[in-house]
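Visitor: structure of the sequence below:
(2 chains)
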Amino acid sequence: MKTKSLLILIALVVMISPIFATAQTSSGTLTIGGTVTGSISLIFNSGPLALTAGAGTNTATLNYGSISKYGAPPANVTVTPGVGNWTAAADFVVNVTAYNTTSTTYKLNVTGPATYPAGITGALKTGATTIAIPVAAGVDVWGGTSSVAAKSYGNQTVTAVTTITDAASAAAFNYNLSFLATAL
Amino acid sequence: MKKRSQLAICILVVAAFLLGIRAHAQSAIGTINANFINLGTNTIALYFTDGSVMLTGSGSGSNKPTLNFGTISRLGTLSTGVTRATTAGNYTVSATVNVTVDSTGLAGNRVPNGYTLSVNLQANPANYSVYINNVGTALSTATTVLNPAPQAAFPYNTAQTQTIKLTIPNASTFGSQLNTVMNFTATAR
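Guide: As a prediction, the model looks like this:
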């Protein structure tokens, strides 16, 4: 009788033990997918003349302050008298940064306003080259069709040059330039 | 001689059970067969459902779906349900997925104990990192237990939202589509 009980006990242990020995698990796999594309950013930073608004952003204001053909120019503004006109110039910084791309250079295209104020025209100078910015049309300042080679990413100092005719009204003026950087 | 016979019977019975030969069980063992039946259905089931992004592949409700972040970039527009945060040297994109573990097949009164959930990567990605549920350390092929606190367990039959975050260095370049397989394992407590 004892042996029979022992037999049943052994069998019971054998049968039940897997219940405790095996943890109940369940698994799944989650596949993560996506396509990473490169991108570039363009912001303006101050040069010697502090930007009056928007430094570090892509919408900034460079204000020459009060300028005249022969009066003392504000600090960090250069005035150059000419025949029938004169220019005011100040440096600012264009920063183009690349992300997740193998591109090492970019071209910069700048579009002038639909119309300049009367007697006013704009240009940008990079190195020794001054490039007039046409109204309502883009021009490559560097890279692309420009005579200036494409630039590496990072900070590039550019001079904003405004030509003012002698006949222009003595009044405040402003105009917008639109910058477009394209990875090459 | 009698003892030897009993021993032989004992060995045979044990061997029969080990081999799963249940059909030959005697009446005393018939009761034990019920335990085998229970054991066969003593399971839990893990599946994924849509979080912030609609799952593709085998889709919501399956245990092998795909969470597609779509087109990812530091500055461009992201897919609906994908968010982004930027730091100086890198950026992150995040999306959520729901994980549910069904206790319907779990035998015994173990449902209140909940389950533990662990995850690891099938392979380590070369040029980005994968995080889950804002765990401080990037996931790897090593197993990470996701339970919110030591000894804590997730409840069954309730969707647990997990945030999948990818950290992408600005300098990383990608010649092909990003692809990572995450293995989830739920273990009953």
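Visitor: can you tell me which residues contact the nearest residue to A:N100 once chain neighbours are set aside?
Guide: Nearest residue to A:N100, sequence neighbours excluded (C-beta to C-beta, 6 or more residues apart in numbering or on different chains): A:G38, at 4.7 Å. Backbone N, C-alpha and C define where each C-beta goes, glycine included. Taking C-beta atoms under 8 Å, 6 or more residues apart in numbering or on different chains as the criterion, A:G38 is in contact with A:98-103, A:183, B:73, B:173.
Visitor: and A:G38, what's its pLDDT?
Guide: For A:G38, the model assigns a pLDDT of 94.
Visitor: how about B:F17?
Guide: Predicted confidence (pLDDT) for B:F17: 41.
Visitor: and what of B:T180?
Guide: 95.
Visitor: is chain A contacted by the one helix or strand it maps to?
Guide: Per DSSP states H and E, B:T180 falls inside strand B:178-188. Yes. Using C-beta under 8 Å from any C-beta of the partner chain, we find that strand B:178-188 touches chain A at B:178-188.
Visitor: then stretch B:131-149?
Guide: No. Judged by C-beta under 8 Å from any C-beta, stretch B:131-149 makes no contact with chain A; its nearest approach is 9.5 Å.
Visitor: what's the distance between the residue nearest to A:N100 and A:S146?
Guide: For A:G38, the distance to A:S146 (C-beta to C-beta, to the nearest Å) stands at 22 Å.
Visitor: of all the contacts of A:G38, which comes closest to B:G81?
Guide: Using C-beta to C-beta, B:S73 comes nearest to B:G81 of the contacts of A:G38, at 16.1 Å.
Visitor: not counting its neighbours along the chain, what's nearest that closest one?
Guide: With C-beta to C-beta, 6+ apart as the criterion, B:S73 has its nearest non-adjacent residue at 4.2 Å, and that residue is A:S39.
Visitor: on that earlier part again, out of the residues of strand B:178-188 next to chain A, grab the one that's most surrounded.
Guide: B:A186 (26 neighbours; other C-beta atoms under 10 Å in any protein chain shown).
Visitor: got the contact list for that residue?
Guide: By C-beta under 8 Å, 6+ apart, the contact list for B:A186 reads A:25-27, B:44, B:46, B:99, B:101, B:115-117, B:154.
Visitor: hang on, A:S41 packs against A:N100?
Guide: No. The criterion here is C-beta atoms under 8 Å, and A:S41 misses it with A:N100 at 11.9 Å.
Visitor: any common contacting residues for those two?
Guide: In contact with both A:S41 and A:N100: B:R74, using C-beta under 8 Å, 6+ apart.
Visitor: any idea which element the residue positioned nearest the centre of chain A lies in?
Guide: Nearest to the mean C-alpha position of chain A, counting by C-alpha atoms, centre = their mean, stands A:L42 at 1.3 Å. In this structure, A:L42 sits in strand A:39-46 according to DSSP H and E.
Visitor: do the same with A:A118
Guide: A:A118 belongs to no helix or strand, assigned by DSSP H and E.
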